[in-house]
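Colleague: Let me see the structure of the following:
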Amino acid sequence: MTKRGSVLINREVSWLNFNERVLAEAMDSSVPLLERFVFLGIFSNNLDEFFRVRVATLNRLIVLHRSRGKKDDLLQSEQTLAAVKRRVKKLNREFESVYIDLWDELVRENIVIADETALDAQQGHYVREYFREQIRPYLFPIILDRLRNQTNLHDQSVYLAVELLSADRSIDGKSDNPAVTDTHALIELPTRKLSRFVVLPKNQEGQTYIILLDDVVRFCLSDLFGTLGYHKFSAFTIKFTRDAALSLDNDVSRSYMEIVSESIKKRKYGKTVRFIYDEKIPQTMLQKVLTVFGIKKRDTLIKGGKYHNFKDFIKFPKNIGPKKLTFSEHRPHPVPDLIQGQSFFESIRRRDIMLHYPYHSFQNIIDLLREASLDSHVRTIKATIYRLAPESQIVEALINAARNGKEVIVYVELEARFDEEANIRWVDRMQDEGITILPMIRGYKVHAKLILIRRKEAGENVYYAAVGTGNLNEITTQIYSDVHLLTCNKKITADVNRVFHLLNNERILHPDFKRLIVSPYDTRDFFLALLDKEIENAKNGLAAWCIIKINNLTDSALAMKIHEAVLAGVKVDLIIRGICILSPDIMKKSENVRMIRIIDRFLEHARVFVFHNNAQPRYFIGSADWMERNLDSRIEVTVEIHDETIKADLDAVLRLQLSDNVKGRLIGGTHDDVPFHLKKKTKRIVSQTEIHKYFGTERPQ
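Modeller: Numbers count the residues shown, from 1 in each chain. Next up, the predicted model:
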């Protein structure tokens with residue numbers, strides 16, 4: 001499905017193309033075997049969120065268009081949903097095939113994933129003891145006939161639907177053919193408390209056996225139900241996915257936290273957008289489950305295999321085989337401009353510094369905040385928070401600053417999707433410790449990644465800022481590729497301070513920013529103007545090019561402007577990890593554009609932009625993707641880079657990524673992703689490996 005001829009393509013289909021590339025990493029034999037299971041988990045988790053949000057939105061649009069009689073919009077949404085379902089069905093088949101192949105490869109490494117039917121006596125004894133000691137305390141079966149409120153069931157959990165058979169001789173007391181009593185129960189697997197994978201002791205041949213939690217429970221069903229008179233048990237996995245979009249009301253009498261909290265609670269009443277079941281489940285039992293769950297529409301049903309919720313494979317055990325089965329240890333490099341034992345503030349005063357994660361350690365940011373919390377000259381610390389680690393050292397550093405008498409002011413985004421509940425808990429914790437939490441801005445999310453520190457130096461206020469592309473999260477910065485600019489540039493820090501004044505206002509005004517490009521005010525127009533400048537230069541016979549690295553491109557105005565630039569002669573390099581609505585067909589029309597997607601060990605997350613600008617290149621980093629939501633309904637910050645060393649580093653990283661012929665895929669041709677076909681003597685370039693080497697070498701300062 002396209003818009004404006006063949007210029008733009010459908011975003012949902014483009015996203016599925018991206019997730020297929022994730023699945024391709026699980027197929028890639030160059031990826032260590034146990035890490036390939038992790039990519040299965042990432043693929044599954046991505047698909048779960050896709051259904052919870054995008055498919056749920058499509059279903060809502062169909063209902064809306066039908067009620068309003070918008071036939072053209074209704075047809076378009078229905079066609080998109082049909083295309084999505086066809087593609088998902090194909091991807092699910094590919095997933096099952098990859099999973100089976102990986103099982104076979106594990107066996108060749110003396111690792112066996114066994115089910116409940118393949119345990120010997122010793123293993124069976126171990127499994128039963130493990131069940132009794134570790135699992136049974138968390139199991140609370142529900143008899144289906146007695147289930148009155150299915151909204152209390154968790155849509156991100158795995159359930160076993162269990163058929164229980166008993167022989168009842170009490171009907172006439174004499175019959176040699178007892179009546180059979182058929183009962184159905186539901187068991188939630190306690191994957192929030194326990195690992196999905198149980199590693200069994202090695203057998204005499206030295207093989208490692210793993211059994212899934214699902215099969216441990218299946219093996220021990222008699223321990224749960226045997227005392228109730230049941231003698232035969234059959235268990236089948238089911239999983240359902242609900243519409244997870246928040247529905248926020250406009251009740252001005254309630255705080256925003258109350259409104260978000262109430263909306264989170266309503267998620268459990270969301271319509272089911274997907275129901276996956278073991279295809280071997282008896283039809284009568286399936287129908288009973290569907291009736292209890294209130295599922296009537298056949299289009300929500302997806303047949304599956306014995307196991308679901310493969311997102312748990314993100315935590316597949318890694319210590320069960322030789323080192324070659326996992327990625328080698330990743331060690332961040334020291335930052336040359338941050339000298340051990342020297343104050344962060346002294347280093348930042350000397351020059352701007354850029355941290356490149358995970359090639360540099362996020363511990364630098366934590367240490368900066370720790371120093372600020374103890375420094376007697378620091379008066380105020382401000383920060384924006386979107387997603388935090390479960391045990392956040394960032395929060396601990398901010399709390400420590402408040403305890404040491406600093407004024408600490410924080411904006412916590414309560415609508416960070418799927419982190420809403422965690423962020424509400426963090427708000428409560430920080431408020432209890434005396435941290436000022438800025439009020440929410442209705443209708444806008446705050447996605448900017450900012451820290452601002454005010455310090456008294458020689459009687460004057462001196463400001464230090466951190467402006468980044470990723471979250472203040474010590475966990476994700478180990479696996480996400482992001483950047484953070486540390487600066488005391490007066491014009492930049494003044495603008496960062498203006499952003500915090502804006503956040504404290506509750507009304508969306510238009511501050512006069514000098515150096516920052518801020519959504520929802522300027523970002524789209526700013527980049528349109530930069531592209532127009534390149535177009536003008538190309539038409540005048542001058543060199544014209546740009547490099548745009550983002551996660552998603554869905555804004556039609558910017559996509560159309562890129563298309564215009566390409567046709568005008570501007571050389572455009574796009575590094576886009578996720579959705580790209582710009583049709584790959586443009587690559588057939590012009591050699592001026594190259595679109596690359598990189599999927600590798602680390603998630604490419606940084607947003608970086610370079611424009612030739614008539615031989616005076618301009619470099620930018622920012623928090624905003626080129627999506628309508630980032631440009632129109634979020635507070636986002638992009639900053640220009642002025643330090644020549646930082647520019648050189650950004651340029652080197654981008655050039656390596658554009659040269660990646662192993663983990664990079666061209667977005668183009670009849671299919672979305674086209675692998676590079678390397679000749680035997682062609683040098684293989686894996687950009688993340690080369691970037692790690694780059695930051696480990698001395699570079700001119």
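
Colleague: from here on, contacts and neighbour counts on C-alpha atoms
Modeller: Will do.

Colleague: S29: neighbour count?
Modeller: 10 (other CA atoms under 10 Å).

Colleague: And it, its phi and psi?
Modeller: phi -70, psi -20 (degrees, to the nearest 10).

Colleague: list the contacts for it?
Modeller: S29 makes contact with no residue, according to CA atoms under 8 Å, 6 or more residues apart in numbering.

Colleague: That one and I339, how far apart?
Modeller: 41 Å (CA to CA, to the nearest Å).

Colleague: do the same with D73
Modeller: With CA to CA as the criterion, D73 and I339 are 59 Å apart.

Colleague: what about these two, which has more around it?
Modeller: Between D73 and I339, counting by other CA under 10 Å, D73 is the more crowded of the two (15 against 12).

Colleague: Report the contact partners of that one.
Modeller: Neighbours of D73 in contact, by CA under 8 Å, 6+ apart: H65.

Colleague: phi, psi of it?
Modeller: The phi/psi pair for D73 (degrees, to the nearest 10) reads phi -70, psi -40.

Colleague: Look at stretch 199-210 and report the distance between its end residues.
Modeller: First residue to last in stretch 199-210 (CA to CA) measures 5 Å.

Colleague: With stretch 275-286 instead?
Modeller: The first-to-last residue distance of stretch 275-286 comes to 11 Å (CA to CA).

Colleague: Other residues contacting it?
Modeller: Contacts of stretch 275-286 (CA under 8 Å, 6+ apart): 163, 184, 236-241, 300-308.

Colleague: In strands, which of those residues appear?
Modeller: The strands in this structure, assigned by DSSP state E, contain 163, 184, 236-241, 301-304 from the contacts of stretch 275-286.

Colleague: and V446, what are its bridge partners?
Modeller: I635 (DSSP bridges).

Colleague: Do I have it right that it meets L414?
Modeller: No. Applying CA atoms under 8 Å, one finds V446 not in contact with L414, separated by 9.2 Å.

Colleague: Tell me the spacing between the residue nearest the centre of the chain and L40.
Modeller: Centre of the chain computed as the mean C-alpha position; nearest residue by CA atoms, centre = their mean is N46, 7.1 Å away. Distance of N46 to L40, given as CA to CA: 10 Å.

Colleague: same thing with L61?
Modeller: Following CA to CA, the distance that separates L61 from L40 is 30 Å.

Colleague: same deal with H692?
Modeller: 25 Å.

Colleague: The two: which is more packed in?
Modeller: A direct count of neighbours by other CA under 10 Å for H692 and L40 places L40 higher, at 27 against 20.

Colleague: which other helices and strands contact whichever strand or helix holds that one?
Modeller: L40 belongs to helix 33-50 when assigned by DSSP states H and E. Where contact means 3 or more CA pairs under 8 Å, 6 or more residues apart in numbering; DSSP states H and E, helix 33-50 is packed against helix 11-27, helix 71-108.

Colleague: List the buried residues in it.
Modeller: Buried residues in helix 33-50, counted by 16 or more other CA atoms under 10 Å: 33-50.

Colleague: which residues of the stretch 351-500 of the chain fall in strands?
Modeller: 353-357, 378-385, 407-412, 436-437, 445-446, 449-457, 460-468, 480-487 (DSSP state E, counting those that start in this stretch).

Colleague: Starting from the first one, tell me which strands it pairs with and how they run.
Modeller: Sheet neighbours of strand 353-357, with direction, are listed as strand 480-487 (antiparallel) (DSSP bridges).

Colleague: still on that earlier bit, among the ones in strands among the contacts of stretch 275-286, which one lies nearest to L650?
Modeller: T241 (40.7 Å; CA to CA).

Colleague: so what's the closest one bridging to?
Modeller: R274.

Colleague: ok, back up a step: buried among the contacts of stretch 275-286? Make that a ChimeraX selection.
Modeller: The buried residues among the contacts of stretch 275-286 can be selected in ChimeraX (16+ other CA under 10 Å) with this line:
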select :163,184,236,237,238,239,240,241,301,302,304,306,307,308
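
Colleague: do you know how far Y463 is from I437?
Modeller: With CA to CA as the criterion, Y463 and I437 are 20 Å apart.

Colleague: And these two? Which one has more around it.
Modeller: Using other CA under 10 Å as the criterion, Y463 and I437 rank with Y463 on top: 24 against 19.

Colleague: Per-residue confidence, the residue lying closest to the more buried one once chain neighbours are set aside, what does it come out as?
Modeller: Excluding its sequence neighbours, the residue lying closest to Y463 (CA to CA, 6 or more residues apart in numbering) is R454, at 4.7 Å. We have a pLDDT of 98 for R454.

Colleague: what's the neighbour count on R454?
Modeller: Neighbours of R454 under the rule other CA under 10 Å: 22.

Colleague: coming back round to it: I'd like to know which of the helices and strands packed on helix 33-50 lies nearest to E391.
Modeller: Using CA to CA, the helices and strands packed on helix 33-50 put helix 11-27 closest to E391, at 28.1 Å.

Colleague: tell me the angle that closest one makes with helix 33-50.
Modeller: Per axes from the mean of the first three to the mean of the last three CA atoms, to 10 degrees, the angle that helix 11-27 makes with helix 33-50 is 160 degrees.

Colleague: what sits up against helix 11-27?
Modeller: 31, 35-40, 42-43, 46-47, 54, 80, 83-84, 87-88, 91, 95, 98, 554, 577-581, 599-600, 672-673.

Colleague: hmm, 6 Å instead?
Modeller: 36, 39, 43, 578-579, 581 (CA atoms under 6 Å, 6 or more residues apart in numbering).

Colleague: same thing with stretch 493-502?
Modeller: 465, 513.

Colleague: Can you list the buried residues in it?
Modeller: In stretch 493-502, counting by 16+ other CA under 10 Å, buried: 493-500, 502.

Colleague: Helices - which of the residues you listed land there?
Modeller: Judged by DSSP state H, helices contain the following of the buried residues of stretch 493-502: 493-500, 502.

Colleague: farthest-separated two in these?
Modeller: Farthest pair in those, by CA to CA: T493 and L502, 14.1 Å.

Colleague: Nearest approach to F225 belongs to which of the strands of the stretch 351-500 of the chain?
Modeller: Taking the strands of the stretch 351-500 of the chain one by one with CA to CA, strand 480-487 is closest: 45.7 Å.

Colleague: buried residues in that closest one?
Modeller: Under 16+ other CA under 10 Å, the buried positions of strand 480-487 are 480-487.

Colleague: Specify the beta-bridge partners of the residue nearest to Y463.
Modeller: Beta-bridge partners, per DSSP bridges, of R454: T380, Y463.

Colleague: Quick check: it vs I435, distance?
Modeller: Taking CA to CA as the measure, R454 falls 16 Å from I435.
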